[in-house]
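K.L.:
quick one, fold the following:
(chains A and B)
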Number of protein chains: 2
Amino acid sequence: MLHGGDLSVACERYGGTPELWLDLSTGINPHGFTEHQPVPQSAWTSLPAHSDLDRLIGAARTAYQIPNHIGVAAAPGTQALISMLPRLLPDGEVAIAVPTYTSHQSAWERSGRTPVEVSSVYALPASARIVVIVNPNNPDGRLVDVKSLLEIARTLGKRGGFLVLDEAFAEVMPGASILPHLTDEPVLVLRSFGKFFGLAGLRLGFLAGPQDIIRQAALHLDSWAVSGPALHIGTAALSNKDWQEKMMRQLSDEMADLTLALSVAGLGVFGGTPLYALAAARNAKGLHEALARHRIWTRVFDYAPTWIRIGLPGSQANLDRLSAALAEAMKEL
Amino acid sequence: MLHGGDLSVACERYGGTPELWLDLSTGINPHGFTEHQPVPQSAWTSLPAHSDLDRLIGAARTAYQIPNHIGVAAAPGTQALISMLPRLLPDGEVAIAVPTYTSHQSAWERSGRTPVEVSSVYALPASARIVVIVNPNNPDGRLVDVKSLLEIARTLGKRGGFLVLDEAFAEVMPGASILPHLTDEPVLVLRSFGKFFGLAGLRLGFLAGPQDIIRQAALHLDSWAVSGPALHIGTAALSNKDWQEKMMRQLSDEMADLTLALSVAGLGVFGGTPLYALAAARNAKGLHEALARHRIWTRVFDYAPTWIRIGLPGSQANLDRLSAALAEAMKEL
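P.N.:
Numbers count the residues shown, from 1 in each chain, chains lettered A, B, ... in the order given. A predicted model of the protein is given here:
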C-alpha cells in the first residue's frame, strides 16, 4: 500500500535528500503544535502511567466534545485502530464509501473479508451490516451531514451492525463531527491527532464508541500503547482551545491562498478540506512527475487519472516555490 | 493486570507526587541513553519514512546479532507484539514456563486459549505445540542455555509448533540470546528496547523469527507503527556499541552494590539479572508496604509471598536512601 508522506520514496525515484523536497503529499498541518512545556525526562525513561493516559483521554473528550457515556481509547496512531476494527466488530457484509483512504479496505481484506464498495452513502445495500465512511472524505472532502449519519447508524443498528466513521480531518470542518450528537447509536469514530496538530511522527489516535467495544479495544491495545512524549504533548495540545481556534482560521486562510495559486496555474480545485486541495488536471500523473522533478511531492490516485491532491505549503516562500514550479510544469506537459 | 512501574498507583495509595518517590518496581535501566543527536523537528511532524524504519531494523540486526535470513519487525513496544502472537502462531496447546511475566498468559487467554503452566522447561508436555519462555526469566533470572532452547525448538518444530522466547533482559546477560545461533528453527524472539536503554516511555520493541511470520506481523502492525522519535533515538542507541558495553559493566557493578546493601539489611538475593534483584523476605508484602510508606516503590508477587523484586536505585544517594528505609522498614515489621 502506498500512502502519501514518505519522502524516502520520492528521493529514491527522483533523487535529492528529504530536506531539499517540499512535501505536499499529505494532509498534515505544516504548523506543528509546539506550545507545550518541554517533554520531561521521565516521559522518555519511565513506563507511561495510567493516570497520564486518563488525563490524555479526558483532554480528548473535551476537545472532541465526546459525551460521557461514550468510551474512548487511545492508540499509537489511528492506523493501528483501523487494523483492529475487524476484530472488534461482528461478522457480516462490510460496505465502504469509495473512493477513500485505502487502509480501510486493506484492513478488512487482511482479516479475510471482502468489503463492498459503494459510491453513495444514501443508497447503501440492505445487506450491509458494517458501513465505513471517512467524513470529511479523503481525498475529495465529501461531507455527509450528521443527521444522515445518525439515520444510517440507526438502520445498521436494527441489523446488529455498526457505522465506522473516520473523522481524521474533522477538526478543520466545524460541525462535521458526529461525536457531540451521539446517544446510543452503534457508531465507532476514529480521530487522528497528528494531522490537525501537525505531529504525525508522534503517533497518536483515538477510537470513540460504545463502552463494551472500547473496553475490548483497550484490552487489545494492552498496556503502554501510547508513548510518554505522546501523552505529554497530546494532552497539552488537546487542552489548548486557543491554539485550535487560531489554527482553524489560519488553515482556512492558507487554503484560500493555495486554491487561488492553483487556479492561476490553471488547476481547478473541486474538493478537499482546509488541509488538502483536490484539483483536476488533464494528466495528473504527468503533472505529479513534473513537479517531482522540481522536488515537490504531491499525491495522485490510480483510480482517478485526473486527480491531484496538494497539501498546504506552510509558508509564502513555499507557496511561491509551488507556483513557480507549477508554471514550469504546466509548460512541460 | 498490575505491572510494576506505575507510580500513579503508588501515589494514589500512599500519597505524594511521583517526583517524591524512588521507583524500584521495574527492571528498567535508570541511566537512560542520551548520547544521540537532538530529535529533528521532522521526526515529530512528518510521518515516519520506510527508509528510517529500515535503518532502525538494520541497527537492531547488528546490535542483537540477528542472522540475515531471520526476519525482524519493529513495534511500539514488545507489549504490542506479545498481544499479537496468538494471531501469528498456529492452533494447539500453549505451554508457558512459570512463574514469569504475566502478560504472556493474559495475551493467550484474551484470544480464547488457556495456556498450560510448566515449572521446568526440561519436562515439557508432549502435547504442547507452542512454548513460551522468558529468558533470562523475570522475576527470578532463571536462564535456559541456548543448546537446550534449540533442542526444544526442534522438538516443537516436528509437531508444527513454535518456541517463543522473550529476551526482554538478554542484553545484560552476555551469551544468553539465542539469536546469533538461529538457523531454521521455529523460534520467535521478542527484544525490548526500553529496558536496557532506559527509555521505556519511548515505546519500541522487536520481533525476530522466520520471514513468513515476520511478514504477517509487519502487516498486522501496518504503516507507521514506530514513532519518529523512537526511530531516531532507537537507531542511535542500537548503533552505539561503546555505550552498550560500558553500560553492561556499569549495571553489573551497581547490581553488586545493591546485592550487598540488601544483604546488610538482612535480605538474601536469590535471583535476578543486573537490572533487578529478587530477594527473599519472610513477609514480602509487609516489607513492600513499609518501603512504600518511605516512598520507595518495589514489586511483590501474589503467587510468591516471600519474594520482593528491587530494581537498581541508579545513584549512591538513592542506594543510601534505600538502605536507610530498609533498616527502618525491617524494624517496623
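
K.L.:
poorly predicted segments of chain A, please.
P.N.:
Filtered on pLDDT under 70, chain A yields the residue ranges A:1-5.

K.L.:
hmm, 90 instead?
P.N.:
Applying pLDDT under 90 to chain A flags the ranges A:1-9, A:123, A:332-333.

K.L.:
going along the chain, name the helices of it.
P.N.:
Ranges of helices in chain A, per DSSP state H, are A:7-14, A:41-45, A:50-63, A:78-88, A:103-110, A:146-158, A:211-221, A:228-239, A:241-264, A:284-293, A:316-332.

K.L.:
what comes up buried for the third one?
P.N.:
Residues of helix A:50-63 classed as buried under the neighbour-count rule (16 or more other CB atoms under 10 Å in any protein chain shown) are A:51-53, A:55-57, A:59-61, A:63. C-beta here means a position set from N, CA and C on the backbone, and glycine is covered the same way.

K.L.:
which of those residues lies closest to residue A:191?
P.N.:
The nearest member of the buried residues of helix A:50-63 to residue A:191, counting by CB to CB, is residue A:60 at 7.1 Å.

K.L.:
what about the closest one, distance to chain B?
P.N.:
18 Å (CB to the nearest CB, to the nearest Å).

K.L.:
swap in residue A:196?
P.N.:
Counting by CB to the nearest CB - residue A:196 and chain B are separated by 12 Å.

K.L.:
tell me how many other residues crowd the closest residue to that residue other than its chain neighbours.
P.N.:
Residue nearest to residue A:196 in three dimensions, not counting chain neighbours: residue A:171, with 3.9 Å by CB to CB, 6 or more residues apart in numbering or on different chains. Burial measure for residue A:171: 25 neighbouring residues, criterion other CB atoms under 10 Å in any protein chain shown.

K.L.:
ditto for residue A:207
P.N.:
Count around residue A:207 with other CB under 10 Å applied: 26.

K.L.:
buried residues in stretch A:71-87, which are they?
P.N.:
Residues of stretch A:71-87 classed as buried: A:71-86 (neighbour count, 16+ other CB under 10 Å).

K.L.:
just stretch A:17-35 next, same as before
P.N.:
Counting neighbours by 16+ other CB under 10 Å, one finds that the buried residues in stretch A:17-35 are A:18, A:21-33.

K.L.:
restrict that stretch to CA atoms and write it as PDB.
P.N.:
Taking C-alpha atoms only, stretch A:17-35 is exported to PDB below (Å, rounded to 0.1, in the frame of the first residue of the first chain):
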ATOM      1  CA  THR A  17      17.700  14.300   0.200                       C
ATOM      2  CA  PRO A  18      14.400  14.900   2.100                       C
ATOM      3  CA  GLU A  19      15.300  18.500   3.200                       C
ATOM      4  CA  LEU A  20      15.600  19.500  -0.500                       C
ATOM      5  CA  TRP A  21      12.000  18.500  -1.100                       C
ATOM      6  CA  LEU A  22       8.700  20.300  -0.500                       C
ATOM      7  CA  ASP A  23       6.300  17.600   0.700                       C
ATOM      8  CA  LEU A  24       2.700  18.400  -0.200                       C
ATOM      9  CA  SER A  25       1.700  14.700  -0.500                       C
ATOM     10  CA  THR A  26      -0.100  14.600   2.800                       C
ATOM     11  CA  GLY A  27      -3.000  16.300   4.600                       C
ATOM     12  CA  ILE A  28      -0.800  17.100   7.600                       C
ATOM     13  CA  ASN A  29      -0.900  20.600   9.100                       C
ATOM     14  CA  PRO A  30       2.600  22.100   8.300                       C
ATOM     15  CA  HIS A  31       2.400  24.200  11.500                       C
ATOM     16  CA  GLY A  32       3.100  21.600  14.200                       C
ATOM     17  CA  PHE A  33       1.900  22.300  17.700                       C
ATOM     18  CA  THR A  34       4.800  23.400  19.800                       C
ATOM     19  CA  GLU A  35       3.100  25.300  22.700                       C
END
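
K.L.:
any part of that stretch near chain B?
P.N.:
Yes. For stretch A:17-35, a contact with chain B is found by CB under 8 Å from any CB of the partner chain, at A:18, A:23, A:26, A:28, A:30, A:32.

K.L.:
how is chain A partitioned into domains?
P.N.:
Taking automatic domain parsing as the reference, chain A has its domains at A:7-32+A:242-332, A:41-239.

K.L.:
tell me which of those domains sits most buried.
P.N.:
domain A:41-239 (a mean of 20; mean count of other CB atoms under 10 Å in any protein chain shown).

K.L.:
now do that domain: distance to the chain's middle.
P.N.:
The chain centroid and the centroid of domain A:41-239 are separated by 10 Å under CA atoms, centre = their mean, to the nearest Å.

K.L.:
out of the residues of stretch A:17-35 next to chain B, which is nearest to residue B:304?
P.N.:
Of all the residues of stretch A:17-35 next to chain B, residue A:32 has the smallest distance to residue B:304: 47.9 Å, by CB to CB.

K.L.:
for the closest residue in space to that closest one that isn't next to it in sequence, what are its contacts?
P.N.:
Nearest non-adjacent residue to residue A:32, counting by CB to CB, 6+ apart: residue A:198, 3.5 Å away. Residues near residue A:198 by CB atoms under 8 Å, 6 or more residues apart in numbering or on different chains: A:28-33, B:45.

K.L.:
ok, now with 6 Å
P.N.:
Residues in contact with residue A:198 (CB atoms under 6 Å, 6 or more residues apart in numbering or on different chains) are A:28-29, A:31-32, B:45.

K.L.:
and the stretch 201-333 of chain A, which residues reach chain B?
P.N.:
Neighbours of chain B within the stretch 201-333 of chain A, by CB under 6 Å from any CB of the partner chain: A:201-203, A:219, A:222-224, A:227-228.

K.L.:
pick out the most distant pair among those.
P.N.:
Within these, A:201 and A:219 form the most distant pair, 26.9 Å apart (CB to CB).

K.L.:
can you give me the end-to-end distance of stretch A:296-305?
P.N.:
19 Å (CA to CA, to the nearest Å).

K.L.:
and what of stretch A:18-38?
P.N.:
26 Å.

K.L.:
now swap in stretch A:288-297 and tell me
P.N.:
Stretch A:288-297 has an end-to-end distance of 7 Å (criterion: CA to CA).

K.L.:
so which bits of the stretch 1-150 of chain A are right by chain B?
P.N.:
Contact residues (CB under 6 Å from any CB) of the stretch 1-150 of chain A with chain B: A:5-6, A:8, A:32, A:43-51, A:76-77, A:79, A:83.

K.L.:
how about the most centrally placed residue in chain A, phi and psi?
P.N.:
Nearest residue to the geometric centre of chain A (CA atoms, centre = their mean): residue A:168, 3.1 Å. Phi and psi for residue A:168, reported as degrees, to the nearest 10, are phi -60, psi -30.

K.L.:
quick one, what contacts the nearest residue to it once chain neighbours are set aside?
P.N.:
Spatial nearest neighbour of residue A:168, excluding adjacent residues (CB to CB, 6+ apart): residue A:192 at 4.1 Å. Counting by CB under 6 Å, 6+ apart, residue A:192 makes contact with A:78, A:168, A:205.

K.L.:
beta partners of residue A:192?
P.N.:
Note on residue A:192: beta-bridge partners residue A:205, judged by DSSP bridges.

K.L.:
which residues does residue A:130 contact?
P.N.:
Contacts for residue A:130 (CB under 6 Å, 6+ apart) come out as A:89, A:94, A:161-162.

K.L.:
now, which of these sits nearest chain B?
P.N.:
Taking CB to the nearest CB as the measure, chain B lies nearest residue A:89 of the contacts of residue A:130, at 16.1 Å.

K.L.:
quickly check the residues of stretch A:17-35 next to chain B for the two that are furthest apart.
P.N.:
A:18 and A:32 (15.9 Å).

K.L.:
picking up where we left off before, in a markdown table, list the buried residues of helix A:50-63 along with distance to residue A:14.
P.N.:
Shown next, in a markdown table, are the buried residues of helix A:50-63 (distance: CB to CB, whole Å):
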| residue | distance to residue A:14 |
| --- | --- |
| A:51 | 47 |
| A:52 | 42 |
| A:53 | 42 |
| A:55 | 44 |
| A:56 | 39 |
| A:57 | 42 |
| A:59 | 40 |
| A:60 | 39 |
| A:61 | 44 |
| A:63 | 38 |
